[in-house]
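Novice: Fold the following and give me the result.
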Amino acid sequence: MSALVAAEAAVQPQPVRSEAAPSMPRPAANPGLAALRLFLRNPSGLLGSVILIGLLFAALAGPHLYGVDPFEIVGAPFQPPGGDPVLGTDYLGQDILAALLQGGRATLLVGFSAALITVVIGVTFGALAGFFGGRVDAALMKVTEFFQVLPTLLFAMVLVTLFGQRIAITTIAIGIVSWPPTARLTRAEFLRLRGLDFVKAARAAGAGPLYLIGRVILPNAAPPIVVSATLAIGTAVLFEGALSFLGLGDPNVMSWGLMIGQNRAYALEAWWTVLLPGAAIFLAVLGVSLVGDAVNDAVNPRLRKRS
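Specialist: Residues are numbered from 1 along each chain as shown. Presented below is the predicted three-dimensional model:
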């Protein structure tokens with residue numbers, strides 16, 4: 001009987017053990033998409049983006065929609081806001097709203113263009129110094145230190161005074177006096193990256209200096225440089241406002257700094273002529289700072305891993 005039971009048990013099919021399939025390795029997340037997700041989850045970054053988009057839209061589309069010449073006298077001087085014109089007039093009777101819309105173009109154009117000049121000069125000096133090292137590094141850093149110890153606002157004033165009060169000269173002057181911090185940051189990144197394995201592998205494969213600088217090292221050094229560039233925009237906006245406030249801006253181009261400089265003597269009697277362009281500069285710098293901080297958080301590898 002026991003032999004029969006044993007035979008039946010042997011005939012019965014045994015349950016098949018299902019072995020778990022080996023887990024496939026996850027594809028590496030795209031660093032750009034991860035940074036974008038972090039940026040979109042940052043309330044400060046979104047607020048700064050909304051501010052900047054609003055200012056850019058007002059500066060680009062506002063003059064076409066409003067259609068009033070900012071230098072045209074439209075009424076009596078010092079008309080308060082709330083009437084016609086809606087934001088009042090300045091000491092000459094010019095429309096404050098038209099001046100704000102048109103002035104935003106010049107101020108933001110100077111800010112973005114001067115930041116671009118700052119990044120181009122700074123990255124060029126920093127990349128060459130950090131990559132080649134030695135005498136090249138020493139020579140370029142001496143030039144950088146020379147520009148860094150100069151009083152930036154005073155140097156910009158001298159350049160504008162010598163070469164003329166034009167919007168292009170103002171932009172170039174701001175870019176020339178603002179690049180040393182970007183150069184030092186870029187140099188530090190290149191010194192950190194040039195000895196890593198992927199750079200050595202590219203050099204061993206026959207890559208030349210220009211390829212190594214532009215295609216191998218610079219993309220990996222880009223995140224802190226991008227953050228520095230966003231902050232340079234706010235610095236350039238403040239510089240333009242300071243130069244125009246001191247009477248060194250282009251008198252034929254309306255800007256927020258020019259509005260403050262022309263009406264500063266009447267700030268107590270007609271507060272809106274100074275407060276409104278000052279608030280516009282404040283919002284521009286605030287928006288750039290918030291976006292810069294959010295970009296810094298988004299491209300920070302430690303914060304990316306934590307998320």
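Novice: What residue, apart from its backbone neighbours, is nearest the residue nearest the centre of the chain spatially?
Specialist: Per C-alpha atoms, centre = their mean, the C-alpha nearest to the average position across the chain is that of Thr230, at 1.4 Å. Nearest residue to Thr230 in three dimensions, chain neighbours excluded: Gly292, at 3.8 Å (C-beta to C-beta, 6 or more residues apart in numbering). Bear in mind the C-beta positions are built from the backbone N, C-alpha and C, glycine included.
Novice: which element follows the helix or strand bottoming out on mean pLDDT in the chain toward the C-terminus?
Specialist: Ranked by mean pLDDT, DSSP states H and E, the weakest helix or strand in the chain is helix 2-11, scoring a mean of 46. Per DSSP states H and E, helix 2-11 leads on to helix 31-40 as the next helix or strand towards the C-terminus.
Novice: for the stretch 201-307 of the chain, which spans come out with low pLDDT?
Specialist: Counting by pLDDT under 70, the stretch 201-307 of the chain contains low-confidence residues at 300-307.
Novice: Let's see that with 80 instead.
Specialist: Scanning the stretch 201-307 of the chain for pLDDT under 80 picks out the ranges 299-307.
Novice: what's the answer for the stretch 1-150 of the chain, then?
Specialist: 1-35.
Novice: Do a quick rundown of the helices in it.
Specialist: Applying DSSP state H, counting those that start in this stretch to the stretch 1-150 of the chain gives helices spanning 2-11, 31-40, 43-66, 96-132, 134-149.
Novice: Just send those helices back as JSON lines, with distance to Asp197 too.
Specialist: JSON lines is the format used below for those (distance: least, C-beta to C-beta, whole Å):
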{"stretch": "helix 2-11", "distance to Asp197": "59"}
{"stretch": "helix 31-40", "distance to Asp197": "18"}
{"stretch": "helix 43-66", "distance to Asp197": "33"}
{"stretch": "helix 96-132", "distance to Asp197": "17"}
{"stretch": "helix 134-149", "distance to Asp197": "22"}
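Novice: hey, which of those helices is tucked in deepest?
Specialist: Mean neighbour count (mean count of other C-beta atoms under 10 Å) peaks for helix 96-132 among the helices of the stretch 1-150 of the chain, with a mean of 23.
Novice: any idea how far the residue nearest to the centre of the chain is from Ile260?
Specialist: 24 Å (C-beta to C-beta, to the nearest Å).
Novice: Please, which helix or strand holds the residue nearest to the centre of the chain?
Specialist: Per DSSP H and E: helix 218-245 holds Thr230.
Novice: count of neighbours near Ala168?
Specialist: Neighbour count of Ala168, defined by other C-beta atoms under 10 Å: 12.
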